[in-house]
Each structure stands twice: as structure tokens, then as C-alpha cells.
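Undergrad: predicted model, plus sequence, below.
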Amino acid sequence: MEQNAELGDFLRTRRARLSPADAGVAPGGGVRRVPGLRREEVAYLAGVSTDYYTRLEQGRHPNVSEAVLDAVARALRLDDDERGHLFDLARPRTTRPRRHRPERVQRVRPEVHQMLDILNGVSPAFVANHRQDVLATNQLARALITDWDTLPYRERNFARYVLLDPVARELYMNWDEVAEIVVADLRLEAGRHPDDSLLKELIGEAVVKVPEFSAWWDSHRVAQCVHGTQRFHHPVVGEITLHHETLAFPADPGQTICVYTAEPGTASAQALALLASWSAPDATRGDDASRAPRPGSTVRPE
């Protein structure tokens, strides 16, 4: 039932954002009581009956075909992430019931650790799984964002850091943008992994503790954190703008590497080089530098 409700809410928010003019249909007569497209207009664009689409939006059509879902996706002008999310909600993967097992610790291959070490002098980088658990990092990533290695295992999560650590709001100059795309990624993965208890736990904690979270979650925006620009106000090197790219490992399903780079010849590139020098294990720093706070450092209760 929960998945059916998610499907209905998702479809309603997607048609609410489209006007008849956007969709290329005549607005029709009478007062429009809902924003965006009416159900009958979506049904017309998808080539199905209004009753059929209504039952789909109400979660009362469990055997919907791939062709119909494709037609609805086109009618609502869904992007690739949204189309995938629609399929995840309408046709969830079914698995044979099995007894609960402890969460398996994911391992990062030695070759990937070597890649992180090679990048360390020039690019912050970290490896994460589908729920944004941070599995491995290089020294420069820990210097830029936070020292994941000092956190308890269950707290080594990028989404948890961005949303729940107050230091993140100071570190990210565009925190709202970063946090909103993090929430969009969590919703996408929640559709793909509806039985992930740790993911549900993280989302539930964010609902309670992050004032902005509910509005972002209820918007049903879905997107992957695949690339973008992030602006930092770093306590050691000041303002720095970096581009990030997230790449998947085909040999390690669910694992991705996020790599940050600065545009060559810019002040940000100089700041990143300074941070790399400052954070190097054998770096020699003056008294002022050695006393500078590391990003993400907080006093945590024991």
C-alpha cells in the first residue's frame, strides 16, 4: 500500500507542474480546480482511458504494462531519472521472502584505494554506495569536507553529513542547492530499494531533525548526484569553487566514486593546491596553520 501511495503522489506532482500549454493540449472550459494537467488530459496524451489512468494514479492497477508506463512518462515529460523512478514505483522488484540478516559490510577493492591515493595530490575523492554511505576516501577529501574516518561507522554517510551536521551549512555556500539534490537522490534510491531499512532510518531521522526536509521530500523530485558545482567556504583556504563528477564502477554494483576538480588557473585551483599541501601527512605547518580548525570538526558528546 505504501508503494501505491508513493506512485499516486509522484504522478500527481508531475502533472501538477505541467500546464496545458506546456503539454500542447487545449485548456478546455470551466474553472480548473487543480494546478497543471487534469487526469483526463494526461490520459489523452498517453493514449489510455481516463478511468485506466485514474486507477493507475490511485494504485489500483497492479499489472500495468511497460508500454503504458512509457506513454505516461512521455505525456508527463519525465526525464530519465523520473522515468526510472516511475517504473520502480509501478513495477517494484519482487524477491523471495528471506530471513533477516545483518547488514553486509561493503568492501572497496584495493585497486580503487590505489586510485584514491593517486588522486590525493590533486583531487578530493570518495567512494559511496546507493544510500550515500562513505566507503573510502582520500586525505584531500577528508580535509575538504570532514574526516569520515573519525566518525562511528553508521555516521559515515554523505547525506547524513550534509543534512544533519550544522558544520555543513557553514562549509557549503550553496547549502540549499546541495541539500536539495541530496534529498532528490535519496528519494530516487528509496524507490529502487523500498526494503532498505537503513535508508528508511536515515530518511526518518532527517524528517524529524531537518526543517526543510519535508517540503523537499514532498515535492517528489528525483535526481542522481552525478555532476555539478559546489561552492565551499573552507576554514583553512577560504572560498573555493569545485566541480564534481560521480562515476559508477561496473564491477562493483552500487558503488560510485565522486571526484572534485578545480578549473585550472583559477583562484580555486590555487586554493585546492594549498589545501593539498596543508593536509599532506608530512606537511610542515606554522603555528597558525596547525591551530586552524579542520572542516567538519565538531564537539561530539561521548
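TA: Happy to help now that I have it.
Undergrad: only C-alpha atoms for contact and neighbour calcs from this point on.
TA: OK.
Undergrad: tell me the spacing between residue 67 and residue 170.
TA: 47 Å (CA to CA, to the nearest Å).
Undergrad: now swap in residue 35 and tell me
TA: 36 Å.
Undergrad: with adjacent residues omitted, what lies nearest to residue 271?
TA: Leaving aside its chain neighbours, residue 271 sits nearest to residue 237 (5.7 Å; criterion: CA to CA, 6 or more residues apart in numbering).
Undergrad: that neighbour and residue 269: what is the separation?
TA: Relative to residue 269, and taking CA to CA, residue 237 is found at 11 Å.
Undergrad: what's the pLDDT at the residue nearest to residue 271?
TA: With respect to pLDDT, residue 237 scores 95.
Undergrad: that one is in contact with residue 273, isn't it?
TA: No. Using CA atoms under 8 Å, residue 237 is not in contact with residue 273; the gap is 9.6 Å.
Undergrad: who's in contact with the residue nearest the centre of the chain?
TA: With distances taken as CA atoms, centre = their mean, the chain has residue 185 as the residue nearest its mean C-alpha position (2.5 Å). Going by CA atoms under 8 Å, 6 or more residues apart in numbering, residue 185 touches 222-225.
Undergrad: pLDDT on the longest helix anywhere in the chain, on average?
TA: The longest helix of the chain (DSSP state H) is helix 175-192. Regarding helix 175-192, the rounded mean pLDDT is 95.
Undergrad: tell me the secondary structure of residue 257, please.
TA: Following DSSP: H, G, I helix; E, B strand; the rest coil, we place residue 257 in the strand state.
Undergrad: ok, it to residue 83 distance?
TA: 24 Å.
Undergrad: quick one: which of these two has more around it?
TA: More crowded of residue 257 and residue 83, by other CA atoms under 10 Å: residue 257, with 21 against 18.
Undergrad: so that one touches residue 247, yeah?
TA: Yes. The criterion here is CA under 8 Å, and residue 257 meets it with residue 247 at 5.3 Å.
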